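Enquirer: Pasting the sequence and the predicted model now:
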Amino acid sequence: MPGWHKATKKLREKGAFQTIGIIQEQHPDRCRLFMQWKKLEFPVLVDSFNMLGVKVVPMTIAIDEYGIVRHVGIRPGDLEKEFLSKTYSAPGKAPRHKPQTAATLRKRADEKNTSQAWMQYADALVLENGAKELDAAISAYQSAIALDRSNGAAYFRVGVAYRMKYDRYNGAVEDFRSAVEHWGKALDLDPNQYIWRRRIQQYGPRLDKPYPFYDWVRTARHDIIARGEKPATLRIEPRGAELAQPAKRFTTSSQGVAEPDPRNQIDRDRSMVLIESAVVPAEVKPGGVLRLHMTFRVNRGEDVHWNNESGPMEIWIRPLAGWKADPQLVRPKLAGAAQTTEERHAELELQVAASADPGVVLVPGYALYFVCRGKDGVCLYRRQDFIVPVTVR
Amino acid sequence: MRLQDKTSSRRFFCIRRIRSSMVFWGVVWGSSMALAQVDNAMAPRIQVGKPFPDLSFPSLIDGKLTSVSAFRGKKTILHVFASW
């Protein structure tokens, strides 16, 4: 799109047309940074829920002065001849659509009880309230799904709402898991929907990625600062899969890496750290690859802190026969201060055995970490074993 | 700028593939007709010759609900895009 914008600069500066944008991504604040970086200054509307229904981006649409679509996918070179120089006439009076409030649509959904009516109510809820009514929107989209299991858009939008909930509120990993699950069901219903597919790929394995997604953020900030400006702030910093470079084949860099506690000697932790995981995609075929997202949180109720001075945190995955892990050993970067309570993250990828049977497979692993109970209290080196359920289809 | 141009060509890959498969299977449409068909499948709610869907979305700047129809009165280029 910036290329298109640049190619039509002269015509735009003559005032021959106006430019607007509609973005199709989960995190609009990242787009704000992108616009600042590329010096794009036109008005942009946010369509994280894909209510416009487009299946690919970028898409450039020419709309005449009466609001009628004249071209979809117009090229910069055709702009003047095919659009700007043409004269369009006013269409007959079309009935203006009166937007309805969520409250009105709720009443209608209760009366009609159709998948479409619940969808419209849910859409109005997220548009009117943004992230404030996500639970109500999720339940309305679920009602739409219950009445029509082929409603792919409802599955996709529930997924967007769950991920938004995960990002905005408590970061409950089950919300992220629900997002990935629903996006997967949506994509099963329409494999040609690339906006839905991209949402999974944003968090998925490198093998499945068409591009890195957010690796430009670093360069953008650097360039903006060099211009003497302050980069737009991001609510959620991109990490892991969102920055990883795509890969053409699955390779493992873990050959010959030594297991950190092979003789199982380190004492177990049962309550100081909470470990949760999510896999992307939610279901994987035999021979397929998935990305495992792990979250580690200290138990604040017991006043537990990470100890960052004694050594690295290590996460070890023990793939089953025929499975591969990359990497098999992960060492998350530790915070600078001596004791901290931040949420720690680790991501790695797993290749399912080609001979794997369908069903839920439990992949074992463990984490080793230094934690302290109470500020200046006792610090311990502990091990916690975990199991990651992976659904093979 | 270069990076972005490169990625956008990758993004169009799926469209190109569909177009070329249509040619491959000898679909008997004029080329412009075939293009219109593909674009319509990629954006079923947006049709040439019809009003742009009267939808409102929050504005990126202040979150205010804004409809595309609020921009009527001047020829408009609408980019549907993402920062990736």
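Expert: Perfect, I can see it now.
Enquirer: mean confidence for stretch A:142-159?
Expert: Average pLDDT, stretch A:142-159: 98.
Enquirer: That one and chain B in contact?
Expert: No: when contact is scored as C-beta under 8 Å from any C-beta of the partner chain, no part of stretch A:142-159 falls within range of chain B; the minimum is 10.7 Å. C-beta: built from backbone N, CA, C; applies to glycine.
Enquirer: ok, and for that stretch, which residues are buried?
Expert: A:142-145, A:147, A:151-159 (16 or more other C-beta atoms under 10 Å in any protein chain shown).
Enquirer: try stretch A:22-42
Expert: In stretch A:22-42, counting by 16+ other C-beta under 10 Å, buried: A:22-28, A:30-38, A:40.
Enquirer: so of those, which ones are in strands?
Expert: A:22-23 (DSSP state E).
Enquirer: ok, back up a step: which one among the buried residues of stretch A:142-159 gets closest to residue A:389?
Expert: Lowest distance from residue A:389 to those (C-beta to C-beta) belongs to residue A:159, with 19.2 Å.
Enquirer: and the closest one, what does it touch?
Expert: A:178-183, A:186, A:199 (C-beta atoms under 8 Å, 6 or more residues apart in numbering or on different chains).
Enquirer: Repeat the analysis, applying 6 Å as the threshold.
Expert: By C-beta atoms under 6 Å, 6 or more residues apart in numbering or on different chains, the residues touching residue A:159 are A:179, A:182-183.
Enquirer: Please enumerate the helices of chain B.
Expert: With DSSP state H applied, chain B shows helices at B:2-11, B:13-24, B:31-42, listed in chain order.
Enquirer: who's residue A:326 bridged to?
Expert: Beta bridges link residue A:326 to residue A:349 when assigned by DSSP bridges.
Enquirer: what's in contact with the strand ranked longest in chain B?
Expert: Longest strand in chain B by number of residues (criterion: DSSP E): strand B:76-81. Here strand B:76-81 makes contact (C-beta under 6 Å, 6+ apart) with A:1, A:17-22, A:54, A:57-61, A:63.
Enquirer: okay, those in JSON lines with distance to chain B and pLDDT next?
Expert: What follows is the contacts of strand B:76-81, written out as JSON lines (distance: C-beta to the nearest C-beta, whole Å; pLDDT from 0 to 100):
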{"residue": "A:1", "distance to chain B": "4", "pLDDT": "84"}
{"residue": "A:17", "distance to chain B": "4", "pLDDT": "96"}
{"residue": "A:18", "distance to chain B": "5", "pLDDT": "97"}
{"residue": "A:19", "distance to chain B": "5", "pLDDT": "97"}
{"residue": "A:20", "distance to chain B": "5", "pLDDT": "97"}
{"residue": "A:21", "distance to chain B": "5", "pLDDT": "97"}
{"residue": "A:22", "distance to chain B": "5", "pLDDT": "98"}
{"residue": "A:54", "distance to chain B": "5", "pLDDT": "96"}
{"residue": "A:57", "distance to chain B": "5", "pLDDT": "94"}
{"residue": "A:58", "distance to chain B": "4", "pLDDT": "93"}
{"residue": "A:59", "distance to chain B": "4", "pLDDT": "94"}
{"residue": "A:60", "distance to chain B": "6", "pLDDT": "95"}
{"residue": "A:61", "distance to chain B": "4", "pLDDT": "96"}
{"residue": "A:63", "distance to chain B": "4", "pLDDT": "97"}
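Enquirer: List the ones among the residues you listed that fall in helices.
Expert: Using DSSP H, none of the contacts of strand B:76-81 sit in helices.
Enquirer: which secondary structure elements does the helix or strand that contains residue A:277 contact?
Expert: In the assignment (DSSP states H and E), residue A:277 maps to strand A:273-280. Packed against strand A:273-280 by the contact rule (3 or more C-beta pairs under 6 Å, 6 or more residues apart in numbering or on different chains; DSSP states H and E) you find helix A:173-189, strand A:289-298, strand A:378-392.
Enquirer: partners of whatever helix or strand comes next after that strand, with directions?
Expert: Following strand A:273-280 in sequence order, the next helix or strand is strand A:283-284 (DSSP H and E). The pairing partners recorded for strand A:283-284 under DSSP bridges are strand A:378-392 (parallel).
Enquirer: Only the buried residues of the partner strand, if you could.
Expert: In strand A:378-392, the ones that count as buried by 16+ other C-beta under 10 Å are A:379-380, A:382-384, A:386, A:388, A:390-392.
Enquirer: okay, the residue lying closest to residue A:229 once chain neighbours are set aside: pLDDT?
Expert: Take residue A:229 and drop its neighbours on the chain: the residue closest to it by C-beta to C-beta, 6 or more residues apart in numbering or on different chains is residue A:36, 7.2 Å away. Listed pLDDT for residue A:36 reads 97.
Enquirer: ok, residue A:61 to residue B:82 distance?
Expert: Per C-beta to C-beta, to the nearest Å, residue A:61 is found 15 Å from residue B:82.
Enquirer: actually residue A:287, not the one I wrote
Expert: 30 Å.
Enquirer: Same question for residue A:70.
Expert: 24 Å.
Enquirer: between those two, which one's more packed in?
Expert: Relative neighbour count places residue B:82 above the other of residue A:70 and residue B:82, with 22 against 19, counting by other C-beta atoms under 10 Å in any protein chain shown.
Enquirer: Now do the same contact list for the more buried one.
Expert: Residue B:82 touches A:23-25, A:57, counting by C-beta under 6 Å, 6+ apart.
Enquirer: same thing with residue A:286?
Expert: Per C-beta under 6 Å, 6+ apart, neighbours of residue A:286: A:352, A:354, A:356.
Enquirer: let's see it at 10 Å
Expert: Residue A:286 sits next to A:322, A:352-358, A:392-393 when contact means C-beta atoms under 10 Å, 6 or more residues apart in numbering or on different chains.
Enquirer: How about residue A:313: what's its closest non-neighbour residue?
Expert: Closest to residue A:313 by C-beta to C-beta, 6+ apart is residue A:369, at 4.4 Å.
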